[in-house]
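**Student:** Predicted model and sequence below, questions to follow.
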Amino acid sequence: MISEKRVTPEQLRSFFQPKNIALIGATDNSLWSISTYENLKNHGFSGSIYCVNPNKKMVHGEKAYPSIRDIKKPIDLAYIMVSTKHLLQLMQEAADANVQNLVLLTSGFSEIGEKGKELEKKVLKLAEENNQIILGPNGNGFIHITEKITPYGLPLPQSLKPGSVGVVLQSGALASQLVTLSETRHIGLSLLVSMGNETMVSMTDVIDYLIEDKNTKVIALFIESIRQTKEFARVAQKALESGKPIVALKIGRSEESARSAMAHTGALVGDDVVNDAAFRQLGVIRVHSLEDLMTTAGLLGHTLHLPGRNMGVVTPSGGACDIIADRSADENILLPDFAPETVKQLESIVPDFSTVNNPLDITGYVVVDRTLMFRTIDVVINDPHLDFVFCLLDPPRVKPDNADDLLTQYKKLKERLDYLQRPVIFVMNVGVDVSEFGKTLMEETNINFVGGMEHGMTAIGNALWWNEQKNNIEMSFKLNQKTLHSSDNNQMSSVQWSEYNAREYLIKQDVPVVPGKLATNSEKAITAAKEVGYPVVMKIQSELIAHKSDVGGVALNLQTDEEVKKAYQNMIDKVNSNHEASNINEVLISPMRKGGTEILVGLVKDPLWGYVLTVGLGGIFVEIFKDTSLRILPVNQQEIVSMLKELKSAPLLSGARGQAAADICHIANVIYKIIEAADKLSGLEVLEVNPLFVKGETVEALDAFIHTIE
């Protein structure tokens, strides 16, 4: 369960910056209590810490109070770590003491089943009655590194680097691992929040706060479930407009869709595919590992703006050049040739046995000439063909003899980079921990080292994609502004339309549809075939049959009256013998369309995001090739054009192998008409046109399927 009321950034600003904290349930017998107290003490919390335990006079070397009401001083935050049976009472005591902000470490609520859900409802009700803000329950608290406020229930590293990455996790234990990873890679954090059950304060509330937080430049998310899609869309759009990237690790990629698979679209559109489409539309960077989460966030926290995809590469290794070239292709990063003036200058610097190319291997001679790397970078950063420079460089593992000289060289380089405004990304060979001297070097020069070529290249690709989304913000589409008519009543009846009825509906909505005639016997089928013109297609018609070809209900390229007569009887016999229903005798006769390209157009209702548009390579192979592009509605014609161009099969629409080129804009307009037709259907679950036939200027629906709830 989750509160429908939004907790504002203003409320959370007070919540995350308490001047004093009460630990309710503090005890020397609990590692939770010990860790929370030591975290506050060891990481510089300057306020007062009050321990509350009715059975002890001293806890953690501090005076213990029987109740929070006995403290008699203002309390900004209560951190509650007691069993469920005492929680409501202690929340009320906090309210009596005028304590409005609560972290609930306690577990045993909705995560354990119905009994826990009922108790959680009581917790929420009591908090709302007392105007309290609660984080949790079943959460470890938060770590406000920039403010040195760390009410968090698990052990933390001895040092915490403040920085610009805000972290929100729907996980407790992983928070500690991310803090450790950030420390070893020297990635500075602003605020980390472990959400727990999100009974009141939600993930989207914290994102909203971080967008307005002056210390936070990038937001990193670990997501188990998106509980409020409209709010997530709102804050994601706000973050993009504010110039603050969101990087998300969303688990559950193996989750199977629960929606109907009666149409091809239902089988193609799994829950995770929809999440992926929503993230792309909202400018949210999606990653698939904790390492990529923090590496991407760390890079963007330090190097936010990358002006383009032209990258120059400087390395001391030929093998690394090959790796970087391959990964650049993966990330669609360009490696242009150096400008002639750059080549000339580099040839006067690098050893004779080095070849001046991009990527550039300046060789292991850097061991002999310790200025070679710096002099090379100073030339490459001026190349007019480049947007930014990738430099493969490891900070020393131990403090070198020439440490002072090295620091001076780095500082001069940083001054040069700042003057030229040309981004240079320093990447280590592999994702090892940054050494203590490396951290000192990073602190004193403000130069960042990204952890490893593999994750580093992924991070650069992610950063480039986000910058492009930011630049195209005026073309972005806010989700959930418009919703197709639907019904959430599971008790209502499910209606599967026959193809003929679906076609007739689309025709009335001005969607171009191939001509068709119904027939209920072989003679009428022959008459219909003559009217529409040979060759023809014959398809069985019944609300009970979704996939006609699977039951022998499709006959193609019928050329004569005799072929139609024979095909009709064979189809009726086969369908009625293979299907639980009998007396199916209705067929649809349409002209056979040859050549061209077949496109799938599908609309399906997602339980979280609403209606999803799928466009892809259609026909009988749709589920084999799965060449599709997805968007959450609403979309406009321009976005539909982008979807068509994303397809691997897009060249087929451009006149490949002698075919007539299609009018992409005309196709997009027809697809938009299909969306408008769907908008007028109450209780729509699935609307699919498969295929939408495209040949030159011709665009028409050859088959249609509609499933509604009424």
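**Tutor:** Nice, thanks for sending it over. Worth saying up front: this structure is predicted, and the values here are computed from it rather than measured. Residues are numbered from 1 along each chain as shown.

**Student:** Low-confidence ranges, this protein, go.
**Tutor:** Residue ranges of the chain with pLDDT under 70: 1-4, 253-270, 473-493, 579-582, 620-621, 657-658.

**Student:** Show me the domain layout of it.
**Tutor:** 9-251+284-299, 304-447, 515-591, 597-709 (automatic domain parsing).

**Student:** Present those as JSON lines; the columns should include distance to I460 and mean neighbour count.
**Tutor:** Yep, even glycine has a C-beta here, placed from its N, CA and C like the rest. JSON lines is the format used below for the domains of the chain (distance: least, C-beta to C-beta, whole Å; neighbours: other C-beta atoms under 10 Å):
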{"stretch": "domain 9-251+284-299", "distance to I460": "7", "mean neighbour count": "20"}
{"stretch": "domain 304-447", "distance to I460": "6", "mean neighbour count": "17"}
{"stretch": "domain 515-591", "distance to I460": "45", "mean neighbour count": "17"}
{"stretch": "domain 597-709", "distance to I460": "22", "mean neighbour count": "19"}
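
**Student:** Figure out which of these is closest to Q469.
**Tutor:** domain 9-251+284-299 (6.6 Å; C-beta to C-beta).

**Student:** ok so, going back, among the domains of the chain, which is nearest D271?
**Tutor:** Closest among those, using C-beta to C-beta: domain 597-709, at 7.4 Å.

**Student:** Show me what the helix or strand containing S190 is packed against.
**Tutor:** Assigned by DSSP states H and E, S190 belongs to strand 189-194. Packing partners of strand 189-194 (3 or more C-beta pairs under 8 Å, 6 or more residues apart in numbering; DSSP states H and E): strand 141-144, strand 162-169, helix 173-184, helix 203-212.

**Student:** angle of it against helix 173-184?
**Tutor:** For strand 189-194 against helix 173-184, the angle by axes from the mean of the first three to the mean of the last three C-alpha atoms, to 10 degrees is 160 degrees.

**Student:** Can you give the strand pairings for strand 189-194, parallel or anti for each?
**Tutor:** strand 141-144 (antiparallel), strand 162-169 (parallel) (DSSP bridges).

**Student:** Now tabulate those strands in a markdown table and tack on distance to C51.
**Tutor:** Shown next, in a markdown table, are these (distance: least, C-beta to C-beta, whole Å):
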| stretch | distance to C51 |
| --- | --- |
| strand 141-144 | 16 |
| strand 162-169 | 27 |
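
**Student:** Of those, which is nearest Q177?
**Tutor:** That would be strand 162-169 among the strands paired with strand 189-194, by C-beta to C-beta, at 9.9 Å.

**Student:** residue contacts, I540?
**Tutor:** Counting by C-beta atoms under 8 Å, 6 or more residues apart in numbering, I540 touches 548, 551, 553-554, 571-572, 575, 584, 586-587.

**Student:** got a list of what the nearest residue in space to it that is not next to it in sequence touches?
**Tutor:** Leaving aside its sequence neighbours, I540 sits nearest to G553 (C-beta to C-beta, 6 or more residues apart in numbering; 3.2 Å). Neighbour list for G553: 539-540, 545, 571, 574-575 [criterion: C-beta under 8 Å, 6+ apart].

**Student:** now, the most widely separated pair of the residues you listed?
**Tutor:** The span of the contacts of G553, defined through C-beta to C-beta, is set by K539 and K574 at 13.1 Å.

**Student:** so who does A525 touch?
**Tutor:** Contacts for A525 (C-beta under 8 Å, 6+ apart) come out as 519, 538, 564-565, 568, 587, 589.
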